[in-house]
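Novice: Build me a model from this:
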Amino acid sequence: MKKLITLLFCCLPLHFVQAEEGCAQHLSPEEFRAKQEAFITERAELTPEEAARFFPIYFELQAAKRKLNEEAFKLMRKGDNKATTDEQYTQILTGVFDRRLAISRLDKEYFEKFKKVLPLRKIYLVQRAEIRFSREVIKGMHKKGSPPARPKK
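Specialist: The predicted structure follows:
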């Protein structure tokens, strides 16, 4: 019994340290958006005026893409049931692919909007910065002690 209590007291501080790291890692949507905006602004060399014109359009696109992704994830969850039929899988996958195509169409549509507020070079730099930001976020998640992605079977 003494060993169990000792073990409990030894492990308890580790649990609190991990919990604190998890909290430090978690950002509110507003904080995430602010970090993303700052990162892209710096990497794409946007002036304050360019950023002020660009980011409302950019975040409008992100919101539309998020909605489509949520719909796709919702559809995918429908396939978790082992009793799902091939016809249902066809509907699920068709819906997912339709949403992916819609996201690509949105990217193309908003590219035309971006061209009205930024030079092409800066749109290119925004795209690069966006990819880099995503990589940094993923790296940060792994550095904070998150387990790596599950291996594919």
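Novice: Tell me the secondary structure at residue 99.
Specialist: helix (DSSP: H, G, I helix; E, B strand; the rest coil).
Novice: So it is in contact with residue 74, correct?
Specialist: No. Counting by C-beta atoms under 8 Å, residue 99 sits too far from residue 74 to count as a contact (9.9 Å). The C-beta positions use only the backbone N, C-alpha and C, and glycine is treated the same way.
Novice: So if I had to pick from those two, which one is more boxed in?
Specialist: Shown here are residue 99 and residue 74; by other C-beta atoms under 10 Å, residue 99 has more neighbours (20 against 13).
Novice: Next one, pLDDT for the more buried one please.
Specialist: For residue 99, the pLDDT comes out at 97.
Novice: Can you name the residues that contact it?
Specialist: By C-beta atoms under 8 Å, 6 or more residues apart in numbering, the contact set of residue 99 is 68, 69, 71, 72, 75.
Novice: Quick check: it vs residue 110, distance?
Specialist: 16 Å (C-beta to C-beta, to the nearest Å).
Novice: and residue 64, how many residues sit next to it?
Specialist: Residue 64: 15 neighbours (other C-beta under 10 Å).
Novice: how about the helices in this protein?
Specialist: Secondary structure of the chain by DSSP state H: the helices cover 2-25, 29-43, 48-78, 86-115, 120-143.
Novice: Please point out the stretch among those helices with the lowest average pLDDT.
Specialist: helix 2-25 (a mean of 39).
Novice: Using neighbour counts, trim the contacts of residue 99 to the buried set.
Specialist: 68, 72, 75 (16 or more other C-beta atoms under 10 Å).
Novice: which one is the last one nearest to, not counting chain neighbours?
Specialist: Same thing as residue 75. Nearest residue to residue 75, sequence neighbours excluded (C-beta to C-beta, 6 or more residues apart in numbering): residue 95, at 4.6 Å.
Novice: distance of the one you found from residue 143?
Specialist: Separation of residue 95 from residue 143 (C-beta to C-beta): 36 Å.
Novice: higher neighbour count, these two?
Specialist: residue 95 (16 against 10).
Novice: Now do the same contact list for the closest residue to residue 102 other than its chain neighbours.
Specialist: Nearest residue to residue 102, sequence neighbours excluded (C-beta to C-beta, 6+ apart): residue 68, at 5.4 Å. Going by C-beta under 8 Å, 6+ apart, residue 68 touches 99, 102, 103, 106.
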